[in-house]
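>>> Structure, please.
(2 chains)
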Number of protein chains: 2
Amino acid sequence: MVSLETGEPAVKKKIRVVQYGVGPIGASIARLMRQKASLEIVGAIDKDPAKVGRDLGEVVGAVGVKDAPWGVAISADSDAVFEKPVDAVVHSTSSYLTSVMDQLLACLASGCCIVSTCEELAYPWRKHPELSAKLDAAAKEEGVALVGTGVNPGFVMDKLVLTLSAVAQRVDSAKALRVVDASKRRLPLQKKIGAGMSPEEFRAQVAAGVIKHHGLPESIAMVADGLGFTLDDISETIEPVIAAEKVTTEFLEVAAGQVAGVHQIARGTFRGNTKVYMELKMYVGAKEPADTIELTGEPNLSLVIPGGTHGDVATAAVVVNAIPQILAAQSGLRTGRDLPLSFLSPGELP
Amino acid sequence: MVSLETGEPAVKKKIRVVQYGVGPIGASIARLMRQKASLEIVGAIDKDPAKVGRDLGEVVGAVGVKDAPWGVAISADSDAVFEKPVDAVVHSTSSYLTSVMDQLLACLASGCCIVSTCEELAYPWRKHPELSAKLDAAAKEEGVALVGTGVNPGFVMDKLVLTLSAVAQRVDSAKALRVVDASKRRLPLQKKIGAGMSPEEFRAQVAAGVIKHHGLPESIAMVADGLGFTLDDISETIEPVIAAEKVTTEFLEVAAGQVAGVHQIARGTFRGNTKVYMELKMYVGAKEPADTIELTGEPNLSLVIPGGTHGDVATAAVVVNAIPQILAAQSGLRTGRDLPLSFLSPGELP
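Numbers count the residues shown, from 1 in each chain, chains lettered A, B, ... in the order given. All right, here's what the predicted structure looks like:
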């Protein structure tokens, strides 16, 4: 096969990737990477003693591939993993940028590009300007690039909003609404959104910082910067969705009056006017799941993804699809704004 | 104002642009460019004797701006226009790449980036590989970039399809359906789609190459390449939409049984299987205008823009919004696939 665009043979060297973090999302990413002929998984890092030393393919289940072992042992020692040549790291360990700075800097120092699911890295310049500048400088010094991405933040409430704005002559305000039916999602997610709790328990967990979807302020900042909006505040509220009737999922049961999930609203405002509004409802039994975007301006525009994008499936997809794009990007700290996100073809598997 | 991403002052030199072609679309583009503080229109080219020598602002009507004259005279002499320093040309003269090669090469030779509405330039590698290679080489020699874009081709049936594919783990086929109510569009467009003709007249005009929306094969090629599909054929049909009842627009009347507009279907196939399907219905009196995308794969995905994107408004928007992006792009012949399309903020107008 010959590339139409360059006339050069399309057969290229495989991209050597390392999976950093083998939790549920990391496992889903690893399984998907295994399906892409252009990627070669050359290492995996996780500190969980239950996983260290085991084969990555076996740990991630290799569902639908059935080819484990992969011959890639999970290691707790990132330095040892980076002794081999690595092109890109897929990083999936924490939502907090402060928690992952050392991990990211170690990857960059080894000359690797990074795609990370760290929500705060999706658009870190506003909340963490100094850490952002540090990552940007470290990446530029090595001539590599890093990006935080995923489905949300990273796609439905920011990148897709900005993409739609390409057909606007003027934009006055932006709104994104995501309604997720958590009934069919994994148990940790159902627990994370408080399903089955009493409203009091839910509020205590919110106060303790346990119940929270991360990323809405990052999405608001990305959209505002992309649209040229000046904001003087980004605020966020977290409320429970109370079940009106009993909801039963594969994993748990929620009685009427108990918490079905989470309802978060974030607003980016300027002098009291809401310029960017984001609303996330993620609960078991949600009736009409969908992702919806609305732009007011010239013209008014709306966009709907009926049923919505499935969080886990889509996050793994966005992350893996972004690998060749981060390798092709200008060096430094990049965001979804900069990348022309699209599907990475599986190519010809041997 | 200071850029969060670089720490540098956000006040930059204006981008000096030339409008090449002052037809209805070129006029709409010029009016929009006038609203962007980051752009300065430094020249305009058109060969129409009725326009040459007149002020661009007056010729384009400057609706909503009311500030004409702009002090920019329309010239038929492109060489003279390019004697001044120019950063980017917005080019809008023809749908056919063969007709505009000399114009594009002259712009590139003057060291200008180009954003063009030429439909065949939106993804020219498949239909015009030699012309594409020639443009690519000429652009690279000057260290500039060019792109063909617009709403369709350029956005709703290709770029948006690829953007949606970023959340897919596997894509088996892609479909885009665009239904446009031409009732509220300008008269030349209503005529161009055959509104008010007899079916026989319509077919004669199709055979003569007069009635045709350009760009579906280009969109199919972009989507197929982006998704990694091999195609052995791209075919296209053009049929009339027959009015079931009388339709009256501001400009014309269509009787029942007459042609209301055009119905085009294009298919990208491999060994007889349709991998990419595009359907365009553009007619007066269309009841439920919308842009719809469907991807089959893992997962199945769909996306709807209710009401659809308004062709003229959106084309001017996409083109103007792409100007800073083509200046930032890697040199050579680029396509919408490569650019992270989004809105260009108007900035602070003086």
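>>> Please enumerate the helices of chain A.
Along chain A, counting by DSSP state H, helices occupy A:24-34, A:56-59, A:78-81, A:97-109, A:129-142, A:159-164, A:187-192, A:199-207, A:216-227, A:311-321, A:323-328.
>>> and the last one with chain B, contact?
No - Helix A:323-328 stays out of contact with chain B when judged by C-beta under 8 Å from any C-beta of the partner chain, the minimum separation being 8.8 Å. Glycine gets a C-beta too; all of them are placed from N, C-alpha and C.
>>> quick one: average pLDDT of that helix?
The average of the pLDDT scores along helix A:323-328 is 97.
>>> Equivalent analysis for the third one, please.
For helix A:78-81, mean pLDDT is 96.
>>> how near is the residue nearest to residue A:287 when sequence neighbours are not counted to residue A:283?
Nearest non-adjacent residue to residue A:287, counting by C-beta to C-beta, 6 or more residues apart in numbering or on different chains: residue A:181, 7.8 Å away. Separation of residue A:181 from residue A:283 (C-beta to C-beta, to the nearest Å) stands at 8 Å.
>>> And those two? Which one has more around it.
residue A:283 (26 against 22; other C-beta atoms under 10 Å in any protein chain shown).
>>> these two touch, right, the more buried one and residue A:195?
Yes - the pair residue A:283 / residue A:195 is scored as a contact, 7.0 Å apart, by C-beta atoms under 8 Å.
>>> Find residues that contact each of those two.
Common neighbours of residue A:283 and residue A:195 (criterion: C-beta atoms under 8 Å, 6 or more residues apart in numbering or on different chains): A:182, A:260-261.
>>> Least confident of the residues you listed?
Ranked by pLDDT, those bottom out at residue A:182, which has 94.
>>> if we can go back for a sec, I'd like the helices of chain A laid out as JSON lines, including mean neighbour count.
Rendered in JSON lines, the data for the helices of chain A read as follows (neighbours: other C-beta atoms under 10 Å in any protein chain shown):
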{"stretch": "helix A:24-34", "mean neighbour count": "23"}
{"stretch": "helix A:56-59", "mean neighbour count": "22"}
{"stretch": "helix A:78-81", "mean neighbour count": "16"}
{"stretch": "helix A:97-109", "mean neighbour count": "19"}
{"stretch": "helix A:129-142", "mean neighbour count": "17"}
{"stretch": "helix A:159-164", "mean neighbour count": "27"}
{"stretch": "helix A:187-192", "mean neighbour count": "17"}
{"stretch": "helix A:199-207", "mean neighbour count": "16"}
{"stretch": "helix A:216-227", "mean neighbour count": "26"}
{"stretch": "helix A:311-321", "mean neighbour count": "24"}
{"stretch": "helix A:323-328", "mean neighbour count": "20"}
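>>> Not counting its neighbours along the chain, what's nearest the closest residue to chain B within the stretch 101-250 of chain A?
In the stretch 101-250 of chain A, the residue that lies nearest chain B is residue A:228 (2.2 Å; C-beta to the nearest C-beta). Leaving aside its sequence neighbours, residue A:228 sits nearest to residue B:345 (C-beta to C-beta, 6+ apart; 2.2 Å).
>>> contacting residues around the one you found?
Taking C-beta under 8 Å, 6+ apart as the test, what residue B:345 contacts is A:227-229, B:36, B:38.
>>> if we can go back for a sec, comparing the helices of chain A by mean pLDDT, which bottoms out?
With a mean of 88, helix A:187-192 has the lowest mean pLDDT of the helices of chain A.
>>> Now the residue positioned nearest the centre of chain A. Nearest residue, chain neighbours left out?
Centroid-nearest residue in chain A: residue A:150, 2.1 Å away (criterion: C-alpha atoms, centre = their mean). In space, and not counting its chain neighbours, residue A:150 is closest to residue A:315: 4.2 Å by C-beta to C-beta, 6+ apart.
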